[in-house]
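> Take a look and give me a structure for this.
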Amino acid sequence: MSVIKKLASQTAVYGLSSIFGRFLNYLLVPLYTYYFSAAEYGVVSEFYAYAGFFSVLLLFGFDTGYFRFHDKDKVVGDKAYGTALWFILLINCVFFGIIWTINPWLSALLNYAEHPEYVLCFSLILIMDAIASIPFARLRAEDKAFRFAGIKIVEILITVGLSLLFIKVCPMLYGKPEFSWVGKIYDPAIGVGYIFIANLIASVCKFFMLAPQLMGLSWGFDKSLFPRMFRYSLPMVVIGFAGIINEMLDRVLLKQLLPYDMTTNMKMLGIYSACYKLSILMSLFIQAFRFAAEPFFFAYADKNDSRAVYAKVLKYFVIFCVFIFLLVTLFIDFFKYFVGPEFRSGLDVVPILLVANLFLGIYVNLSIWYKLTDRTLIGACVSLAAAALTIYLNIIWIPVYGYMGSAWAHLIGYAGMAVVSYGLGQIYYPVKYDVLRILAYIGVGLDIYQANEVLKTHGSWPVGVTGALLLMLYIFIAALFERRDLLHMLGSKTPPAVPNL
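Numbering: from 1, shown residues only. All right, here's what the predicted structure looks like:
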């Protein structure tokens with residue numbers, strides 16, 4: 001349990017920083033959705049969808065490859081780091097050269113011929129974020145969670161501050177003689193482009209804050225190590241692409257497949273994207289867990305009790321994810337105010353997306369079987385199959401069910417990945433996960449959610465009171481059946497027997 005406590009503390013550091021940073025960033029959602037129309041916000045959503053795909057390609061899986069070879073076969077960690085950093089730098093320089101050359105054609109292809117700066121701006125954001133991912137991976141491998149978190153928070157603060165400046169403050173001051181300086185930095189015609197500009201400036205600042213880690217370029221490029229890292233990391237690109245397809249492709253397909261005119265399609269895309277943000281608490285926890293767990297899984301693999309620890313980690317991960325699911329869904333009447341009134345018609349997708357992300361988190365835990373056994377190619381095949389399923393379901397469901405079809409495609413794709421990954425894991429890297437208890441916690445969470453929906457319709461108690469009581473009920477159930485481990489972590493030497501769930 002001490003190992004799990006350490007993992008939990010690392011997750012807490014990454015999580016608190018991510019939650020704090022994302023919460024600040026989350027406050028931008030009302031800013032965007034109150035100041036821009038749904039169609040304008042759809043433009044932002046579309047570009048971030050494209051960015052997701054390229055962020056995987058430009059990193060080439062070398063962050064995970066670095067973890068694998070950082071301390072393997074007595075390979076010097078600095079050489080593994082320098083090799084990864086030099087390769088990613090080269091790839092991104094080539095990428096920018098290509099984008100610079102074809103930008104006019106590409107902008108026209110995307111129907112943004114009047115704003116070619118969007119493409120250039122986003123390419124620079126992607127390049128700096130990809131290169132920065134390797135220094136961030138080194139900070140994680142060295143357990144420097146606080147430096148990692150600090151840089152992330154500063155980046156978000158800069159993004160939030162500049163967004164407020166360009167979207168809220170400058171429009172109020174523009175044109176007033178006493179604030180003539182505003183005209184030098186602000187042009188109303190840019191509109192949503194200021195969202196991209198704020199992000200770009202924040203990425204540049206983050207890049208400079210990582211300067212000490214970027215000095216690792218002096219450690220050189222190891223020609224003998226690179227082929228091994230490349231063979232291991234290449235399938236991670238496929239896995240990453242498949243993950244982005246599951247997560248982001250619906251944003252691209254909605255624009256093209258919704259059976260309305262382009263303006264209405266963009267409006268539906270904006271509504272779906274804004275409501276997707278309401279599932280962010282689950283995404284934040286999964287992201288924080290991934291930051292802490294990935295280096296932990298590799299470092300702990302050689303321990304005698306590693307598989308038992310991995311099983312416990314998954315169980316407690318699910319318990320907390322179900323708690324997040326209930327926190328958001330039981331209090332959705334409060335969370336909905338984070339988006340403008342025009343966007344609230346899409347709230348029905350939120351529970352579906354939360355459960356989908358829960359299964360994504362389960363898959364993140366289960367994926368250790370191919371990462372630890374160097375079977376990343378098989379893992380890539382699983383991800384590709386799930387991506388193909390997601391694409392197919394989006395194509396047939398979006399024209400009929402709209403963005404609800406996309407939400408269900410998310411859920412089925414992630415659940416399928418988790419189930420298949422569990423089956424293959426039991427073949428190649430067996431871990432005795434407590435499957436029945438895990439499924440029981442998910443079932444309890446769904447039952448409590450359904451009970452709340454009934455009480456909202458037919459009950460007489462205030463919504464907040466009902467939600468609080470039902471959330472406490474779940475906490476009580478989880479504490480009851482996990483009290484042996486809880487007492488152990490608190491220092492009890494004679495924990496009582498645990499009833500079977």
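> Got phi/psi on Y433?
phi -70, psi 150 (degrees, to the nearest 10).
> wait, doesn't it sit right on S421?
No. Y433 lies out of contact with S421 (CB atoms under 8 Å); the separation is 11.3 Å. Using the backbone N, CA and C atoms, a C-beta is placed for each residue, glycine as well.
> Could you pull up the contacting residues of A387?
When the contact criterion is CB atoms under 8 Å, 6 or more residues apart in numbering, the partners of A387 are F241, A242, I245, N246, L249, G413.
> Of those, which is the nearest to R307?
Closest approach between those and R307, by CB to CB: A242, at 26.0 Å.
> so what's the nearest residue to A451 once chain neighbours are set aside up against?
Once flanking residues are discounted, A451 sits nearest to L470: 6.5 Å by CB to CB, 6 or more residues apart in numbering. By CB under 8 Å, 6+ apart, the contact list for L470 reads L326, L330, I448, A451, N452.
> CSV please, covering these and showing pLDDT, neighbour count and secondary structure.
Converted to CSV, the contacts of L470 look like this (pLDDT from 0 to 100; neighbours: other CB atoms under 10 Å; DSSP: H, G, I helix; E, B strand; the rest coil):
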residue, pLDDT, neighbour count, secondary structure
L326, 94, 23, helix
L330, 91, 25, helix
I448, 94, 21, helix
A451, 91, 15, helix
N452, 89, 22, helix
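> Please report how far L59 lies from F122.
16 Å (CB to CB, to the nearest Å).
> Looking at these two, which one has more neighbours?
Taking neighbours as other CB atoms under 10 Å, L59 and F122 compare with L59 leading, 27 against 19.
> I'd say the more buried one and A130 touch.
Yes. If you go by CB under 8 Å, L59 and A130 touch, sitting 4.9 Å apart.
> low pLDDT regions in the stretch 1-150 of the chain?
1-27, 30, 38-39, 41, 49, 52, 71-77 (pLDDT under 70).
> hang on, A242 packs against G379?
No. Shown here, A242 and G379 do not form a contact pair, counting by CB under 8 Å, at 9.5 Å.
> which residue sits farthest out from the middle of this protein?
In the chain, the residue that sits farthest from the middle, by CA atoms, centre = their mean, is P177; the gap is 44.2 Å.
> if we can go back for a sec, list the residues that contact both of L59 and A130?
Residues touching both L59 and A130 by CB under 8 Å, 6+ apart: I88.
> Now do the helices in the stretch 401-501 of the chain.
403-428, 435-458, 463-481, 483-490 (DSSP state H, counting those that start in this stretch).
> which stretch in those has the least confidence?
Mean pLDDT is lowest for helix 483-490 among the helices of the stretch 401-501 of the chain, at a mean of 68.
> per-residue confidence at the residue farthest from the centre of the chain?
At P177, pLDDT is 75.
> List the residues that contact it.
For P177, the contact set (CB under 8 Å, 6+ apart) is empty.
> and L124, what does it touch?
F96, L200, S203.
> can you do 6 Å?
L200 (CB atoms under 6 Å, 6 or more residues apart in numbering).
> gap between it and S233?
24 Å.
> give me phi/psi at D305?
Main-chain torsions, D305, degrees, to the nearest 10: phi -100, psi 20.
> which one of the helices of the stretch 401-501 of the chain is the most hemmed in?
helix 403-428 (a mean of 20; mean count of other CB atoms under 10 Å).
> Which neighbouring elements make contact with it?
helix 349-366, helix 376-401 (3 or more CB pairs under 6 Å, 6 or more residues apart in numbering; DSSP states H and E).
> quick one, phi psi at A301?
Backbone phi and psi, for A301 under degrees, to the nearest 10, turn out to be phi -60, psi -30.
> got it, and Y260?
Dihedral angles (degrees, to the nearest 10) for Y260: phi -130, psi -180.
> Name all residues that make contact with V355.
Applying CB under 6 Å, 6+ apart, the residues contacting V355 are L411.
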